[in-house]
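S.K.: Build me a model from this:
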Amino acid sequence: MPDLKTHAELLRSLHHGKLLVLPNAWDEASAELVVEAGFPVVATSSVAVAETLGHQDGERAPWREMFAAAARIARAVPVPVTVDAEAGYGLAPEQLVAELLEAGAAGCNLEDTDHRAGGLTGTAAQADRLAAV
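M.R.: You can find the predicted model right below:
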C-alpha cells in the first residue's frame, strides 16, 4: 500500500482536469466495492458512517468513533480515502489534522455549518479555519 503522502499527492492531482467523482463509503465492505468498481479514491459519508454506528448525522456521533470508522476504511483499501469530517467536531485545527492523519485520511471536506450554534459559520471565520487546517 502506498504511503499517506503518496495518497495525498494522488488525490490532489485528481482534482485537476477531468471531473473527479467521489463515491461514498460507510464501512470497509462498501469501500472495497468502490475500489472494485474502478474508482481511484474512496470518500466517506458522515451521515452513512454515523447511521451505521447508531447515531444521527450533524456531529451527533462521537468524533473518535467517526475517525475509527474512517481508519478501518483507509486500512481496507489501496487507494486514497478522503473523509467527510463534518464541521470538524469542535476540534482545534491542529488536533483535527492530527486525527485525520492518524486515521489514514489523504484528504477531507469540512462543512461551514456551526452544529453547536446552528446556522452557517461566517465566511471569514470559515476561511480562517480552513487556512489553519
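S.K.: in what helix or strand does the residue nearest the centre of the chain lie?
M.R.: For the chain, the residue sitting closest to the mean C-alpha position, by C-alpha atoms, centre = their mean, is V83 at 0.8 Å. Taking DSSP states H and E as the definition, one finds V83 inside strand 81-84.
S.K.: Show me what that strand is packed against.
M.R.: Taking 3 or more C-beta pairs under 8 Å, 6 or more residues apart in numbering; DSSP states H and E as contact, the helices and strands that strand 81-84 lies on are strand 42-44, helix 63-76, strand 107-109. The C-beta positions use only the backbone N, C-alpha and C, and glycine is treated the same way.
S.K.: same question for whichever helix or strand comes after that strand, mean pLDDT?
M.R.: Proceeding N to C from strand 81-84, the next assigned helix or strand is helix 93-103, under DSSP H and E. pLDDT averaged over helix 93-103 equals 98, rounded to a whole number.
S.K.: Next: stretch 28-36.
M.R.: Per-residue pLDDT values across stretch 28-36 average out to 98.
S.K.: Okay, buried residues for it please.
M.R.: By 16 or more other C-beta atoms under 10 Å, the buried positions in stretch 28-36 come out as S30, A31, E32, V34, V35.
S.K.: Please apply the same query to stretch 114-124.
M.R.: If you call a residue buried by 16+ other C-beta under 10 Å, then stretch 114-124 has these buried ones: D114, H115, T121.
S.K.: and what of stretch 45-58?
M.R.: By neighbour count on 16+ other C-beta under 10 Å, the buried set for stretch 45-58 is S45, S46, V47, A48, V49, A50, H55, D57.
S.K.: Tell me where the model's unsure across this structure.
M.R.: Within the chain, the segments meeting pLDDT under 70 span 1-2.
S.K.: who does the strand holding V83 pair up with?
M.R.: According to DSSP bridges, strand 81-84 forms sheet pairs with strand 42-44 (parallel), strand 107-109 (parallel).
S.K.: Could you pull out the buried residues of the last one?
M.R.: So that's strand 107-109. For strand 107-109, burial by neighbour count (16+ other C-beta under 10 Å) applies to G107, C108.
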